[in-house]
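Engineer: Structure, please.
(one chain, ligands or ions: 1)
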Amino acid sequence: MVRQLCIIGVGLIGGSIARAARQAGLCQRIIGYGRPDDLHNLKSAKALGVIDDYCLDLATAVQDADMVIIATPVGAITHILTALRPLWSAQTVYTDVGSTKGNVIQALATVFGDVPDNFIPAHPIAGAERSGVEAAKADLFHNKRLIITPLAHTRTDCLGQVQAFWRGLGALVSSMDAQHHDRVFAATSHLPHVLAFVLVDMLGHRDEQEEIFKYAAGGFKDFTRIASSDPAMWLDICSANQKELVPLLDKLQCELDNIRQMLVEDDRQKLFATFMYARNARQRFLQQFEGIMSKSSTFYVQPGGQLKGIARVPGDKSMSHRSIMLGSLAEGTTHVKGFLEAEDALATLQAFRDMGVVIEGPVNGEVTIHGVGKHGLQAPKNDLYLGNSGTSMRLLSGLLAGQPFNSVLTGDKSLSGRPMKRVTDPLAHMGADIKTTENGTAPLYITGKAGQMQGIHYEMPIASAQVKSCLMLAGMYAQGETSITEPAPTRDHTERMLAGFSYPVKKEGSTVNINADGKLLACDIDVPSDISSAAFFLVGASIAPGSDITLQHVGINPTRTGVIDILRLMGANITVSNERVVGGEPVADLHVVYSPLKGIDIPEELVPLAIDEFPVLFVAAACAEGQTRLSGAEELRVKESDRIQVMADGLQLLGVDAQPTPDGMVIQGGNPIGGGTVVSHGDHRIAMAFSIAGLRAHAPITILDCANVNTSFPEFKSIAIHLGLDLVSEES
Ligand code: S3P
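Structural biologist: Residues are numbered from 1 along each chain as shown. Predicted coordinates:
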């Protein structure tokens, strides 16, 4: 809480700070200061209620202030500091909002001899097209970044106060050193402004003869929007940061020369690669930006209803991952249709782009991969961030173990808590060098062991397709044979897709054999709909009286159809029709009509074949007459969440008798399902499973923490609504 805040310069930024601080109840009294020629502005700030009072005399303005914020243009900083120097007080915290930080620190050093320890240099990354106090808004900084650039001797109490103040205004506060700040903003803000000004300047002069502006459409307007910014302010900023800006202009000049040359030589391939890289990079930035902005999503489901109609759920996640991996390692160009445009599969796609693979798309599920060959991957410049995706991390660890470069694999909070020893231990036997945390979790630090990996025979202690696939990919770079025996059948998409890419793989009973003698030849891949996504509606239609749906083009690989078998054992009415083979994978349409379900003991051999479908199968069990018992499924405890505990907690909250066991659950079904608020713990399949439970609930269900539905099934909400579920979501 600030007793008295003095704002020097009450324009858009200063005024918005005042409005936001007042709204958040962060200070008792706000005094504005300005020069005499600013009187009109200060008067309107007071009339608008932005400030309590103003002062044209600096000494009086700062006299009783416990915080002073300098919100003038950066060019005025030396002048203001010089005037402040005789008034400086150790009891006051001073800060600023300048877009450049090196020059502020330089000015402080010049005026004071040394930078005072109670000055906190800060920069809010926010603005508006309009300027002046009339445009000031209380929410200008909400969810926007604020960067603080403290010095080694900065007082921690003052630092803490400024951080808390900005957090109170709704900003996302971070710190970096001043030089780094200026370098980053020279590139991301100052250079683009210069470019916009220069382009409009150049074309503006020509326009007198050529009527360019008459035909200037959206692209020109978008690109030059920032040329409408205040020229005096930008003159100040660019000259304050010229040290960082000039080298960037030199670099840009080289880039322009390169592009010019490519055009002169009609080098379409190089031009394409440049444009392509830029487009993808921009999309990635936007996604990251949206990721920061939309932090949470809540689903609200109204009780009851039925599912009716026809739908096609998006592409299979497991196959989408593998299509990018194998397409990248292939010789030639691979075209993928039906690719799952969801965060997990996109994380794999990005990882391969980061290793130098040119990948076009995805556009409407179509991806074109310009394969680099089995030995063509390049060292990634940064850590490979794999988000929530266990499949990406485990499969990549095998593939990267035998490369001629090092790599680091990181993930989000959930992925960073999942066990990785199941892959790093057998890989170590093959000669891999992968460091995990003490708990055996990510980040994974991989030292590439090209030419030094040895094939092994591995009896998998758990039935895991991810472990099997990881070792197969490692086996493609190892000397001798790698053979893997699984204790129970698991999904075999890696085996099938490798065969599609003409890579030799031998299957003998429960053992798969692979070695390094082979190459991948590009092919076309048609990814069927994901049965794991279809499962939500298979269950939904089975539990909601009156339902009748058809799900088209669903992958029905026998290593994935456990959910159909289990539902049928419970009495579901599911018909498989139009069976065909597409790109080596069986596909069919699934017709589901409501039918009363009964509880069963789920056969253990079906567990690996339905491993991802248990959250929604627990919902089916809650609606089935009698007891359903699942055992042999301890793997569920180490998925994106502990799916046994999280589902049992949620079901109990809804009034269902669901008792978790170490390796499964016992559910007494058939009693009414109530309403309430359940938490998905960021697990996509938990969020979707509880949405489906709404069909049989007697009161609304609210599901918190649903943003991760985007990892596997971004269209879940729209398809669920299309089929008849009463679902709305709220993002914040
Ligand atoms: C997957 C295998 C399964 C599954 C995961 C995807 C794959 O994991 O749960 O969603 O694509 O190989 P496990 O093999 O670890 O059971």
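
Engineer: Report the secondary structure state of residue 437.
Structural biologist: coil (DSSP: H, G, I helix; E, B strand; the rest coil).

Engineer: any idea which element the residue in the chain that the ligand sits nearest to lies in?
Structural biologist: Nearest residue of the chain to the ligand, counting by Cβ to the nearest ligand atom: residue 318, 3.2 Å away. The C-beta positions use only the backbone N, C-alpha and C, and glycine is treated the same way. Using DSSP states H and E, residue 318 maps to helix 317-329.

Engineer: Near the ligand, which residues of this protein? Just list them.
Structural biologist: 318, 391, 464-466, 469, 490-491, 611-612, 635 (Cβ under 6 Å from any ligand atom).

Engineer: Go through the residues you listed and flag which are in helices.
Structural biologist: Here DSSP state H is the test, and the residues of the chain next to the ligand give 318, 391, 465-466, 469 as lying in helices.

Engineer: Show me where the stretch 201-350 of the chain has its helices.
Structural biologist: 212-215, 218-224, 231-240, 242-264, 268-293, 317-329, 343-354 (DSSP state H, counting those that start in this stretch).

Engineer: May I see these arranged in a markdown table, with mean neighbour count as well?
Structural biologist: Converted to a markdown table, the helices of the stretch 201-350 of the chain look like this (neighbours: other Cβ atoms under 10 Å):
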| stretch | mean neighbour count |
| --- | --- |
| helix 212-215 | 10 |
| helix 218-224 | 11 |
| helix 231-240 | 18 |
| helix 242-264 | 13 |
| helix 268-293 | 12 |
| helix 317-329 | 28 |
| helix 343-354 | 24 |
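
Engineer: looking at those, which is closest to residue 671?
Structural biologist: Closest approach to residue 671 among the helices of the stretch 201-350 of the chain is made by helix 317-329 (33.7 Å; Cβ to Cβ).

Engineer: Which strands and helices lie in contact with the helix holding residue 318?
Structural biologist: Packing contacts for helix 317-329, counted by 3 or more Cβ pairs under 8 Å, 6 or more residues apart in numbering; DSSP states H and E, involve strand 333-337, helix 343-354, strand 366-370, helix 390-401, helix 465-475, helix 493-500, strand 524-526.

Engineer: Report the angle between that helix and strand 366-370.
Structural biologist: Here the directions of helix 317-329 and strand 366-370 differ by 30 degrees (axes from the mean of the first three to the mean of the last three Cα atoms, to 10 degrees).

Engineer: Helix 317-329 to strand 333-337, inter-axis angle?
Structural biologist: 160 degrees.

Engineer: on that earlier part again, could you dump the helices of the stretch 201-350 of the chain into TSV with distance to residue 482 and mean pLDDT added?
Structural biologist: As requested, these are exported to TSV (distance: least, Cβ to Cβ, whole Å; pLDDT from 0 to 100):
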stretch	distance to residue 482	mean pLDDT
helix 212-215	62	75
helix 218-224	52	85
helix 231-240	58	91
helix 242-264	44	96
helix 268-293	34	74
helix 317-329	16	98
helix 343-354	22	94
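
Engineer: and residue 308, which of these is closest to it?
Structural biologist: Nearest to residue 308, of the helices of the stretch 201-350 of the chain and by Cβ to Cβ, is helix 317-329 at 26.3 Å.

Engineer: Could you tell me the angle between that closest one and helix 390-401?
Structural biologist: Using the same axes, to 10 degrees: helix 317-329 against helix 390-401 is 30 degrees.
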